[in-house]
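Student: Quick check, what structure comes out for this input:
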Amino acid sequence: MSKAAVPEWVESRFPLYAFGSIQSLYGSAKLPLEESSAVLVSIAGGKGVFKAGDRSGEIAEGSVILLPPGSEAALIADRLQPLHAYSLSIGFREQKRPAGEMMRKSGIASNSELHFFPYEPEMAALVEELYVHRSPESEGRHVRNQIIFHELVLGLAELLESKEAASLQPSMERSLAYLENKFSDKMTRDALAEIAGVSPSHYSILFKQLTGFSFNDYLSRLRVHRAKELLLSGSGTLREIALKVGYKDEFYFSRRFKQQTGMPPSAYNRMPFRRVAVMMTPYASHLLLLGLEPSVLISDNSEYVNAEGVQPPQDMTFIHADSPVEQVRPALLAHDIELILADSRHLDEHGLHAAQLRVAAPIAEIPWMGVGWKEHLRLIAQVIKRTGQAERWLAEFEEEELAARARIQHSGAAGGTVTIVVIKPDQLLIYGARNVGYVLYGSLGLQPPAKIKQEMDRLGEQFHSIPIEIPQLADYAGDRVLVIVFPDVKGSTAHSEAVLGSTYWGELSAVRRNDIHFLEKDDWVPYNPVSIRLQLQRAEALFGGNQ
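Tutor: Below is the predicted model of the structure:
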């Protein structure tokens, strides 16, 4: 049996930013702008307007414009106040990176829309300083230029993020929330306009500005996407589904469904999915194992599984799970997502409610704590029409489990009990049937402490862990103890000393016999098929079954 030589987790990275050129533009007429890379234009003096396609705006000293790559734009000066501007091209350079490591898309150098900031004098001053010292007289000045450039990039990133996160007008937000939660009821534009406190005609304009859709299109998407969810779960006949989502009968529902999707409802469950978004890294690992790269991963970290037999992602977009819905929803729409895989409780925990995301795509509920990782794989495979592939993988893995268990039993390493102690910055836990507990207790048949076994017998794979206080350690002590320490946000594990330095810890028989094993979090905690298989190999090596 082969051992995993390296961790299966790889962190995706943003590119390194670099500027190619900076120019001074001056004139009393039209100043054309055309660059293949993104361009930051800052106005140093004068007045005028900018024009780029259908976008235009008044500019003056302190104005800043970020033009996307390949833009054709022009600055048109006021006749009495000639314009003085600087144009700074922003690009990025490729880094040498390990095989399988993926670069994340640059929101600045790869942005596809123009951003105009009417008055950012500090940013304009930095651009001017870069121009003045564009030919540095010393290495120190060169380094200073690099710092200024990256201050500009940071400032742009923060401006773009704050712009994206700008909240909807409260009155419009109320009406939109009402629509998203009550779409199956009789719904009219006039009723929502009344909630928003504006006229129906003005409401239509505001609605389109805020959502990118007309009221009728938005309502239709909500209803059809909810219908898709019900079709995927097999929840009722066409007539029952039609009534549940707000249509008067199955015939009208079928017409609207085909109008939006190009297919009748009866054909939907035969359609293969190509553009899928997932909430949580483990579900992305399931998809990758099944040969489908997620288009979007919504997660609290940017890691992804990278192991033998799994094609690493090539073009997966990461969105932080704590991003506001005003950022997440447009990203899902921009990627033309066909399906979102998520546990609704995880969405709710991060303020990303299913009702708010449904306009982008239907949401297939994959319960996280309700079932174990094998059932996660089966549920996801069923939804994306790859059940045969999942069952073949599981059959192969179960043979590996049986063989590993037999070797462990033969080696005599299976005797006694094993405790899994997890020390977090704010919590002390004893793990149960999930994560590393699945491999030790489920795959290899090792025995947990009596109190943990009681909970596993009662709850099965739903039993994740139990929080304890330090004086309770003896109640869960096994003949062997495995310890996993989660570092704090600064990477420190100093908090573990409160446990490991206590008299309660020192009195454990396993500690006195030095039968303690410290395990790496990233190697033993991930809960997905690829990681579980690697944990099985590591566990057999740890307990001597392959010696």
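Student: what secondary structure does Ile340 sit in?
Tutor: Each residue gets one of three states, and Ile340 gets strand by DSSP: H, G, I helix; E, B strand; the rest coil.
Student: in stretch 27-44, what counts as buried?
Tutor: 31, 33, 35, 37-44 (16 or more other CB atoms under 10 Å). For every residue, glycine as well, the C-beta is placed using N, CA and C.
Student: Apologies, that question was intended for stretch 464-484.
Tutor: Buried, per 16+ other CB under 10 Å, within stretch 464-484: 464-465, 468, 473, 476-478, 480-484.
Student: follow-up on the earlier one: would you reformat the buried residues of stretch 27-44 as JSON lines and include distance to Arg93 and pLDDT?
Tutor: Below are the buried residues of stretch 27-44 laid out as JSON lines (distance: CB to CB, whole Å; pLDDT from 0 to 100):
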{"residue": "Leu31", "distance to Arg93": "28", "pLDDT": "88"}
{"residue": "Leu33", "distance to Arg93": "23", "pLDDT": "88"}
{"residue": "Glu35", "distance to Arg93": "17", "pLDDT": "81"}
{"residue": "Ser37", "distance to Arg93": "11", "pLDDT": "85"}
{"residue": "Ala38", "distance to Arg93": "14", "pLDDT": "88"}
{"residue": "Val39", "distance to Arg93": "17", "pLDDT": "91"}
{"residue": "Leu40", "distance to Arg93": "17", "pLDDT": "92"}
{"residue": "Val41", "distance to Arg93": "22", "pLDDT": "94"}
{"residue": "Ser42", "distance to Arg93": "23", "pLDDT": "95"}
{"residue": "Ile43", "distance to Arg93": "28", "pLDDT": "94"}
{"residue": "Ala44", "distance to Arg93": "28", "pLDDT": "94"}
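Student: Relative to Gly91, which of these is nearest.
Tutor: Lowest distance from Gly91 to those (CB to CB) belongs to Ser37, with 4.4 Å.
Student: give the contact list for that closest one.
Tutor: Listed by CB atoms under 8 Å, 6 or more residues apart in numbering, the contact set of Ser37 reads 20, 69, 89-91, 109.
Student: Spell out which helix or strand contains the closest residue to Ser235 other than its chain neighbours, please.
Tutor: Spatially, and ignoring its direct neighbours in sequence, Ser235 is nearest to Ile241 (7.0 Å; CB to CB, 6 or more residues apart in numbering). Here Ile241, judged by DSSP states H and E, is contained in helix 238-245.
Student: that older thread, any chance of the contacts of Ser37 in a markdown table, plus neighbour count?
Tutor: Conversion of the contacts of Ser37 to a markdown table gives the following (neighbours: other CB atoms under 10 Å):
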| residue | neighbour count |
| --- | --- |
| Gly20 | 12 |
| Pro69 | 16 |
| Ser89 | 19 |
| Ile90 | 24 |
| Gly91 | 20 |
| Ala109 | 20 |
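Student: Please tabulate those residues in TSV, including the columns pLDDT.
Tutor: Below are those laid out as TSV (pLDDT from 0 to 100):
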residue	pLDDT
Gly20	78
Pro69	88
Ser89	91
Ile90	88
Gly91	80
Ala109	64
